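Participant: build me a structure from this.
(chains A and B)
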2 protein chains.
Amino acid sequence: MPAHKPSCVVLGGSGFIGTNLCRRLLRSGHRVRAFGRQFRFPDDLRGVEWYQGDFCDPDSVAAAIETFDIVFHLVHGAMPYAANLAMATDVQRNVIPSITLLELCSKLGIKRVIFSSSGGTIYGSAPQIPTPEPSSADPICAYGISKLAIEKYLALYEHFYSLDFRVLRIANPFGPFQIAWKGQGFIAAAVSRALSGQEIEVWGDGSVVRDFVFIDDVIDAFEAVMSDTGSTRIYNIGTGEGRSLREVIAVIERLLGVELAIKWGPARPLDIPVSVVSIDRATNALGWRPKTHFETGIGITIDWAREYRPVIDKLFR
Amino acid sequence: MPAHKPSCVVLGGSGFIGTNLCRRLLRSGHRVRAFGRQFRFPDDLRGVEWYQGDFCDPDSVAAAIETFDIVFHLVHGAMPYAANLAMATDVQRNVIPSITLLELCSKLGIKRVIFSSSGGTIYGSAPQIPTPEPSSADPICAYGISKLAIEKYLALYEHFYSLDFRVLRIANPFGPFQIAWKGQGFIAAAVSRALSGQEIEVWGDGSVVRDFVFIDDVIDAFEAVMSDTGSTRIYNIGTGEGRSLREVIAVIERLLGVELAIKWGPARPLDIPVSVVSIDRATNALGWRPKTHFETGIGITIDWAREYRPVIDKLFR
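Facilitator: Residues are numbered from 1 along each chain as shown, chains lettered A, B, ... in the order given. Predicted structure coming up:
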């Protein structure tokens, strides 16, 4: 453990994972700066330095990260489905500014870059379930390819410039501060629609299986890799267990005591049938493991969604 | 075998591999169009339709490929070493226009895209030598990452839009029409410098091992994948055998009957010690195998370099 607490700048600090990460880092006593386009939850991030900027603007990024120890790279301009519709734009807005970021980190002497990659999309239709990290990365969505490319550039910057990094391939995170927009997060969408009595859209027959991991457990993993001194760079972060959308719906219905209205849509080509990551590596190397029972996580998510409905309504309507 | 010979457009048709490919396709009775920025060897490509254009200009690419059956994608704007110095530009000039190309191919009903990837850089420091295709792709140069990303987008376009494709991961090709500029091709550089009595630059101690494959054998592989009906998409193309730069120098010295003047430089971080690809997959699935003995290939290369010195001098000086 380092004697002084490293200062942290969180790119994408106003997003779902970013907001949770900033709150935790602050509680743990770090100096924390959040960088992003829109400061959505200022009341929840008191004590966090807010730095408004565009990830595609190198000057803005340079000014935001300078003098910080650890850079958390959580930015992804496009959600999985949107990225497929504009793949070149996705590269333009994510891969290229990520390369620029690494160049800046290297020049500015950043001590470690921690990148949130995608355990849910990077492997594609993996032959092995749960899928371990050395499996072939064959994404069947543009979002996953961008994430993979950024991982490769991280390794390259370490090879050429000794820039230190860690990658978390996060499965399907859910929890407070996840907002159901731009197609992000089935659970967030299901909960918010259930609470407002709206229909929930399910693509396919609901048999699709995902590895849903509660956000607090994901944040534990971010904290664990901050001080990781091992030689491993890439860790899956999930639960190692799969749940179908039908099962998720059943849990939400049980906790809310209502039957959800579901609008069944056609299956989409980007929806692989089963995506579950193996978490043995993170468990062995970091001593990390998810602690939150799925139903407990859903309960917390429902409570949050109830409490924050006015805030979110104000933000997005 | 198809009843009619498919028409072929070769993007990067005026480069090293492109020139050889166009010549062969023409001889085999195909309609052939070469697309590129500069028509270097018009005398050698009589009968080939030349289409001048920039790969980064979608309109130009669209007009060039429309109505053709097979698109050969051999363009790479930056050579391996240069790509490391400007990684974002490399993505900008290669990955993004490649995505645009795939979109166009899909819209225009192109029957097959054949992409020249890099067997020499895509695997990085592979633990298994010779390296088979399913090995982890961990390039330690930006050029390899771009190639890898383009391969992944090809798979995505097949997944979403049924765009048919094949990838050749070509090891270290050498032979006629390879010009020693922009750091391309150790053999081309060594031969041309030897013939002009100049010093040859060798980075490191010459122990670096590469899989040098003669261009005619590479072109055989392109012909073989044109009509491939199997389910495999990616093939290594090399010899499966490694040769050190010292061995290569010795062969050139023997054939020329002179001792080469060598300027030893420091080892470069992008030069992995050993790169040799396994060619079992191509041999089994395509019935392809390299036929040219290494010394024979070097002999042909020397003869070509002697004959073309005036042409090349005119082009590049």
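Participant: tell me the residues of chain A that contact chain B?
Facilitator: A:84, A:87-88, A:91-92, A:95-96, A:99-100, A:103, A:134, A:136, A:138-142, A:145, A:148-149, A:152-153, A:155-156, A:159-160, A:269 (CB under 8 Å from any CB of the partner chain). Backbone N, C-alpha and C define where each C-beta goes, glycine included.
Participant: what sits against A:Pro58?
Facilitator: A:97, A:100, A:104 (CB atoms under 8 Å, 6 or more residues apart in numbering or on different chains).
Participant: just checking, what packs against the lengthiest helix in chain A?
Facilitator: Counting by DSSP state H, the longest helix found in chain A is helix A:294-316. When contacts are defined as 3 or more CB pairs under 8 Å, 6 or more residues apart in numbering or on different chains; DSSP states H and E, helix A:294-316 sits against strand A:172-174, helix A:186-195, strand A:212-214, helix A:245-256.
Participant: which of those has the lowest average pLDDT?
Facilitator: Among these, helix A:186-195 has the lowest mean pLDDT, at a mean of 93.
Participant: next secondary structure after that one?
Facilitator: Moving toward the C-terminus from helix A:186-195, the next helix or strand (DSSP states H and E) is strand A:200-203.
Participant: okay, buried residues for the lowest-mean-pLDDT helix or strand in chain A please.
Facilitator: Least confident element among the helices and strands of chain A, by mean pLDDT, DSSP states H and E: helix A:80-85 (a mean of 82). For helix A:80-85, burial by neighbour count (16 or more other CB atoms under 10 Å in any protein chain shown) applies to A:80-84.
Participant: next SSE after it?
Facilitator: Counting by DSSP H and E, the next helix or strand C-terminal to helix A:80-85 is helix A:87-90.
Participant: quick check: which helices or strands does that following helix pack against?
Facilitator: Against helix A:87-90 (3+ CB pairs under 8 Å, 6+ apart) you get helix A:142-161, helix B:96-108.
Participant: quick check: mean pLDDT across that helix?
Facilitator: Averaged across helix A:87-90, pLDDT comes to 94.
Participant: run through who's touching it.
Facilitator: In this structure, residues lying in contact with helix A:87-90 by CB under 8 Å, 6+ apart are A:77-78, A:82-83, A:142-143, A:145-146, B:96, B:99-100, B:103, B:153, B:156.
Participant: and the contacts of stretch A:213-222?
Facilitator: By CB under 8 Å, 6+ apart, stretch A:213-222 touches A:16-17, A:20-21, A:24, A:72, A:114, A:168, A:170-178, A:235, A:237-239, A:282, A:286, A:288-292, A:294, A:296-297, A:300.
Participant: quick check: buried residues in it?
Facilitator: A:213-222.
Participant: narrow these to those in strands?
Facilitator: A:213-214 (DSSP state E).
Participant: among the buried residues of stretch A:213-222, which two are most distant?
Facilitator: Spatial extent of the buried residues of stretch A:213-222 (CB to CB) is set by the pair A:Phe214 and A:Phe222 at 13.5 Å.
Participant: about what we covered before: now the longest helix of chain A and helix A:186-195, what's the angle there?
Facilitator: Here the directions of helix A:294-316 and helix A:186-195 differ by 70 degrees (axes from the mean of the first three to the mean of the last three CA atoms, to 10 degrees).
Participant: ok now helix A:294-316, how far from the chain's centre?
Facilitator: Here helix A:294-316 is found 18 Å from its chain centre; the criterion is CA atoms, centre = their mean, to the nearest Å.
Participant: can you check stretch A:117-130 too?
Facilitator: With CA atoms, centre = their mean, you get 15 Å for stretch A:117-130.
Participant: likewise stretch A:97-108?
Facilitator: 21 Å.
Participant: same question, stretch A:144-159
Facilitator: For stretch A:144-159 - counting by CA atoms, centre = their mean - the centre lies 16 Å from the chain centre.
Participant: kindly report the same for stretch A:102-121.
Facilitator: 14 Å.
Participant: got it, and stretch A:43-59?
Facilitator: Relative to the centre of its chain, stretch A:43-59 is centred 17 Å away, using CA atoms, centre = their mean.
Participant: next, count neighbours for A:Trp288.
Facilitator: A:Trp288 sits with 22 neighbouring residues when counted by other CB atoms under 10 Å in any protein chain shown.
Participant: now it: how far from A:Val202?
Facilitator: Going from A:Trp288 to A:Val202 by CB to CB, to the nearest Å gives 32 Å.
Participant: swap in A:Ile70?
Facilitator: 39 Å.
Participant: A:Gly12 is in contact with A:His73, correct?
Facilitator: Yes - counting by CB atoms under 8 Å, A:Gly12 is a contact partner of A:His73 at 7.4 Å.
Participant: neighbour count for the two, which is higher?
Facilitator: Taking neighbours as other CB under 10 Å, A:His73 and A:Gly12 compare with A:His73 leading, 26 against 22.
Participant: contact partners of stretch A:192-199?
Facilitator: A:179-180, A:200, A:252-253, A:256, A:258, A:260-263, A:302, A:305-306, A:309, A:312.
Participant: before we move on, what about stretch A:145-156?
Facilitator: With CB under 8 Å, 6+ apart, stretch A:145-156 has contacts from A:73, A:76, A:83, A:87, A:90-91, A:94-95, A:98-99, A:102, A:113, A:115, A:117-118, A:121-122, A:137, A:139, A:163, A:165, A:167, A:233-234, B:84, B:87, B:91, B:95, B:138-142, B:145, B:148-149, B:152-153, B:156.
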